[in-house]
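[1] Mind folding the following:
(one chain, ligands or ions: 3)
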Amino acid sequence: MKNVISSAQMRDADRHTIDTAPIASVDLMERASLAFVGAFMQLYPDRHVSVLVCCGTGNNGGDGLAIARLLQGHGYDAVTVWIARFTERETDDFATNLTRLHNTPVTVAEFLPADELPEIRQSVVIDALLGSGLNKPLTGDWLRLVEHINQASKQVVAVDIPTGLRANGIIPATEPTIFAHEVITFQRPKLSFFFPESAQTMDRFQVVDIGLDEAFIEGAPADFKLVEPEDIRLAYRKRKPFSHKGTYGHALIIAGDTSTMGAAILCCGASLFSGAGLTTACIPQEGLLALNTRHPEVMYCAMADLPDLWDRFDAIGIGPGLGRRVALFEKCLAYEPKPMVIDADALTALAHEQSLLDKLPARSILTPHMKEFDRLFGDHGTWWDRVRTAREQANARGLVIVLKNRYTFIAIPDGRVLINLTGNPAMATGGMGDVLTGMLVAFLAQGYTPEEAAMLACYLHGAAGDRLVADVGMAVVPATQVIEHLPAINGML
Ligand SMILES: NC(=O)C1=CN([C@@H]2O[C@H](COP(=O)(O)OP(=O)(O)OC[C@H]3O[C@@H](n4cnc5c(N)ncnc54)[C@H](O)[C@@H]3O)[C@@H](O)[C@H]2O)[C@@H](O)CC1
Ligand SMILES: Nc1ncnc2c1ncn2[C@@H]1O[C@H](COP(=O)(O)OP(=O)(O)O)[C@@H](O)[C@H]1O
Ligand SMILES: [K+]
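    Ligands and ions are numbered 1, 2, ... in the order given. I've put the predicted structure just below:
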């Protein structure tokens with residue numbers, strides 16, 4: 001897993017790399033700018049595209065000046081630079097890069113406070129006004145310039161972070177920022193990029209390596225960790241030659257009601273395709289025909305038989321489409337504790353009867369989306385607050401809380417939050433959460449720890465959706481397709 005680090009830690013990594021590599025600070029800026037230009041050229045290969053690079057006078061602006069020079073060197077023939085001289089301060093590396101830029105044909109215009117801003121005629125604006133040095137909301141001339149750029153409705157590519165966006169995940173809705181279509185960010189994504197409020201500021205980001213000392217970054221204390229493909233490869237256990245169905249555990253899915261039987265069937269299908277040795281469904285009897293037709297491999301257990309059969313199961317998933325049968329949930333909490341995934345209607349039951357929270361088996365997995373989370377733990381005005389509560393609750397109660405989102409946050413008992421990067425908006429369709437729950441139960445049944453199960457299920461669920469978009473070209477991914485695509489994921493493990 002990779003650390004997500006703060007701006008202050010990034011500055012430390014910067015300094016450490018300069019001291020130990022060793023590399024001159026201005027050469028590190030050159031490396032960052034080269035990396036930016038490499039990514040930019042992929043986005044805009046046409047050398048005749050007109051580009052306006054808007055620079056502040058700090059190091060983000062210094063990057064902008066180097067980028068303008070490098071683009072010109074690569075044959076981009078319509079590069080213009082604007083410098084916002086709104087303060088007398090400039091960094092040394094900015095000054096060096098300005099001298100270097102003056103030796104090129106790139107046109108440079110400087111603007112003082114209150115100067116009138118000309119119309120922006122270029123097609124693409126590179127935002128190098130302010131970066132991770134942002135220390136207060138934009139006001140005055142900065143705000144005026146940012147609004148001028150936003151109003152021009154051009155394609156905006158931000159250097160490192162959109163001007164005005166804080167890096168630390170706290171994104172006040174009222175703080176103005178530039179709107180960037182693309183962000184090319186250095187070494188690590190900024191924590192804010194994973195919070196839904198960042199959508200008011202940016203569309204997409206990509207990370208470029210600028211050669212900072214990785215060992216130093218990974219040695220820094222970090223509460224947020226990115227789940228990487230390598231983590232999945234290491235955690236995932238391939239099936240053994242002499243194994244049998246008993247090796248892979250027995251998953252019980254307690255789900256479904258008359259009008260929501262599909263949720264139970266999706267959940268069972270996901271368990272089946274995620275490798276549980278056996279899957280049993282505790283559904284209303286009226287759903288049996290559908291279940292047997294769709295997944296003849298899945299067994300059935302009547303509600304009344306649950307207490308007698310309970311010992312057979314290695315992991316329990318409860319909640320998808322459970323509807324009026326939620327009383328079952330309370331009953332199950334009285335049986336011998338088993339690894340458990342609590343979703344959907346079972347989460348709502350928890351919200352109504354908070355005392356049940358204390359009865360959950362240790363290290364249970366809760367899988368709320370935003371609304372379920374707030375019903376359970378109270379309204380939250382921002383995602384930062386919501387994630388903070390998830391951390392506190394996971395830590396205090398020893399739970400794994402899978403807070404579902406474009407980037408799902410997995411709060412684990414030790415206080416850390418794992419961020420899952422896979423998945424895409426084509427997956428924003430009903431039933432997708434039921435699939436995730438079935439996957440989680442299957443991994444628990446196979447003996448994975450709740451943390452491992454959460455990491456594997458979230459990653460593979462999103463990766464299956466990503467494959468369907470990238471390889472099959474689907475614009476919308478129905479949940480059944482994710483289930484059927486899960487075996488194909490095996491090829492990447
Ligand atoms: N590893 C790194 O940290 C590297 C950083 N580089 C670049 O350096 C940037 C950070 O540079 P700086 O620390 O010089 O800071 P910035 O260039 O982001 O900001 C410059 C200065 O503006 C002032 N300021 C902050 N918020 C303001 C506001 N709202 N209104 C008016 N003034 C404000 C602050 O005094 C700040 O130091 C990064 O974003 C990145 O682009 C790269 O050059 C290379 C490596
Ligand atoms: N825009 C998106 N990007 C990535 N993943 C998404 C997106 N929209 C939904 N998902 C994923 O799909 C699942 C939806 O879960 P949920 O809202 O509980 O669905 P349902 O209740 O319909 O089953 C979550 O795992 C979520 O992360
Ligand atoms: K910027």
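
[2] Just list the residues touching the closest residue to ligand 2 within the chain, thanks.
    Ligand 2 sits closest to Gly433 of the chain, with a gap of 2.2 Å, by CB to the nearest ligand atom. Heads up, the C-betas are built off the backbone N, CA and C, glycines and all. Residues near Gly433 by CB atoms under 8 Å, 6 or more residues apart in numbering: 320, 343-344, 367, 369, 404.

[3] Check those residues one by one and keep those near ligand 2.
    369, 404 (CB under 6 Å from any ligand atom).

[4] who wins for neighbours among the contacts of Gly433?
    Using other CB atoms under 10 Å as the neighbour test, the contacts of Gly433 are led by Pro320, with 33 neighbours.

[5] how about the strands of the stretch 201-350 of the chain, start to end?
    Assigned by DSSP state E, counting those that start in this stretch, the stretch 201-350 of the chain shows strands spanning 202-208, 224-226, 250-254, 278-282, 299-300, 315-318, 340-342.

[6] TSV for the ones you listed, including mean pLDDT?
    Output for those, formatted as TSV (pLDDT from 0 to 100):
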stretch	mean pLDDT
strand 202-208	98
strand 224-226	98
strand 250-254	98
strand 278-282	98
strand 299-300	98
strand 315-318	98
strand 340-342	98
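
[7] I'd like to know which of those strands lies nearest to ligand 3.
    Comparison of those against ligand 3 by CB to the ion identifies strand 202-208 as nearest, at 10.5 Å.

[8] The closest one packs against which elements?
    helix 25-43, strand 180-186 (3 or more CB pairs under 8 Å, 6 or more residues apart in numbering; DSSP states H and E).

[9] So is it next to ligand 2?
    No: shown here: strand 202-208 not in contact with ligand 2 (CB under 6 Å from any ligand atom), separated by at least 12.5 Å.

[10] Run the angle between that strand and strand 180-186 for me.
    20 degrees (axes from the mean of the first three to the mean of the last three CA atoms, to 10 degrees).

[11] Domain map for this protein?
    2-219, 229-492 (automatic domain parsing).

[12] now the end-to-end length of the longest one.
    Just to be clear, that refers to domain 229-492. End-to-end distance for domain 229-492: 9 Å, by CA to CA, to the nearest Å.

[13] do stretch 144-159 as well
    19 Å.

[14] residue in the stretch 251-400 of the chain nearest to ligand 1?
    With CB to the nearest ligand atom as the measure, Trp384 is the residue of the stretch 251-400 of the chain nearest to ligand 1, at 19.4 Å.

[15] ah, wrong one, I meant the stretch 151-300 of the chain
    In the stretch 151-300 of the chain, the residue that lies nearest ligand 1 is Asp160 (3.7 Å; CB to the nearest ligand atom).

[16] how about the closest residue to that residue other than its chain neighbours, what does it touch?
    Nearest residue to Asp160, sequence neighbours excluded (CB to CB, 6 or more residues apart in numbering): Gly131, at 4.3 Å. Contacts here follow CB under 8 Å, 6+ apart; on that basis Gly131 touches 58-60, 63, 159-161, 163.

[17] Out of those residues, list just those in helices.
    59-60, 63 (DSSP state H).

[18] Next to ligand 1, which bits of the chain? Give me the list.
    Going by CB under 6 Å from any ligand atom, the residues of the chain near ligand 1 are 10-11, 13-14, 28-29, 32, 56, 58-63, 91, 130-136, 138, 142, 159-160, 186, 210, 212.

[19] picking that back up, export the ones in helices among the contacts of Gly131 to a markdown table and tack on pLDDT, distance to ligand 2 and neighbour count?
    Listed next are those as a markdown table, based on pLDDT from 0 to 100; distance: CB to the nearest ligand atom, whole Å; neighbours: other CB atoms under 10 Å:
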| residue | pLDDT | distance to ligand 2 | neighbour count |
| --- | --- | --- | --- |
| Asn59 | 98 | 33 | 28 |
| Asn60 | 98 | 29 | 25 |
| Asp63 | 98 | 30 | 29 |
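
[20] Tell me the one of those nearest Phe313?
    The shortest approach to Phe313 among these belongs to Asn60, at 55.4 Å (CB to CB).

[21] Report the contact partners of the closest one.
    Counting by CB under 8 Å, 6+ apart, Asn60 touches 128-133, 159-160, 163.

[22] cool, and Asp213?
    Asp213 neighbours (CB under 8 Å, 6+ apart): 13, 16-17, 20-21.

[23] Look at Gln122 and give its secondary structure.
    Taken by DSSP: H, G, I helix; E, B strand; the rest coil, the conformation at Gln122 corresponds to coil.

[24] What's the local residue count around it?
    Residues lying near Gln122 (other CB under 10 Å) number 18.

[25] Burial check on Ala32, number of neighbours?
    Other residues close to Ala32 by other CB under 10 Å number 26.

[26] Which parts of the stretch 201-350 of the chain are helices?
    With helices called from DSSP state H, counting those that start in this stretch, the stretch 201-350 of the chain shows them at 214-219, 229-235, 261-273, 288-294, 306-309, 327-332, 344-352.

[27] Of all those helices, which one is nearest Val146?
    From the helices of the stretch 201-350 of the chain, taking CB to CB, the stretch that ends up closest is helix 214-219, at 29.9 Å.

[28] What is the closest one packed up against?
    Applying 3+ CB pairs under 8 Å, 6+ apart, we find helix 214-219 packed against strand 2-3, helix 7-20.

[29] could you dump it to CSV, C-alpha only?
    What follows is helix 214-219, C-alpha atoms only, in CSV (Å, rounded to 0.1, in the frame of the first residue of the first chain):
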residue,chain,number,x,y,z
GLU,A,214,10.1,6.6,-2.1
ALA,A,215,11.6,5.0,1.0
PHE,A,216,11.3,8.3,2.8
ILE,A,217,7.7,8.8,1.7
GLU,A,218,6.8,5.3,2.8
GLY,A,219,8.5,5.8,6.1
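
[30] Show me what counts as buried in it.
    216-217 (16 or more other CB atoms under 10 Å).

[31] Any chance you could list what contacts it?
    Residues contacting helix 214-219 (CB under 8 Å, 6+ apart): 2-3, 5, 9, 12-13, 16-17, 187-188.

[32] tell me the contacts of the nearest residue to Tyr248 once chain neighbours are set aside?
    Once flanking residues are discounted, Tyr248 sits nearest to Gly277: 3.3 Å by CB to CB, 6+ apart. Contacts for Gly277 (CB under 8 Å, 6+ apart) come out as 244-250, 445-446.

[33] For Asp77, state which of the residues you listed is nearest.
    Asp77 has its nearest neighbour among the contacts of Gly277 in Gln446, at 58.6 Å by CB to CB.

[34] one step back: next one: the residue of the stretch 251-400 of the chain closest to ligand 1 from ligand 3, what distance?
    21 Å (CB to the ion, to the nearest Å).

[35] which residues does that residue contact?
    Taking CB under 8 Å, 6+ apart as the test, what Trp384 contacts is 169-171, 195.

[36] and with 10 Å instead?
    166, 168-172, 191-192, 195, 197 (CB atoms under 10 Å, 6 or more residues apart in numbering).
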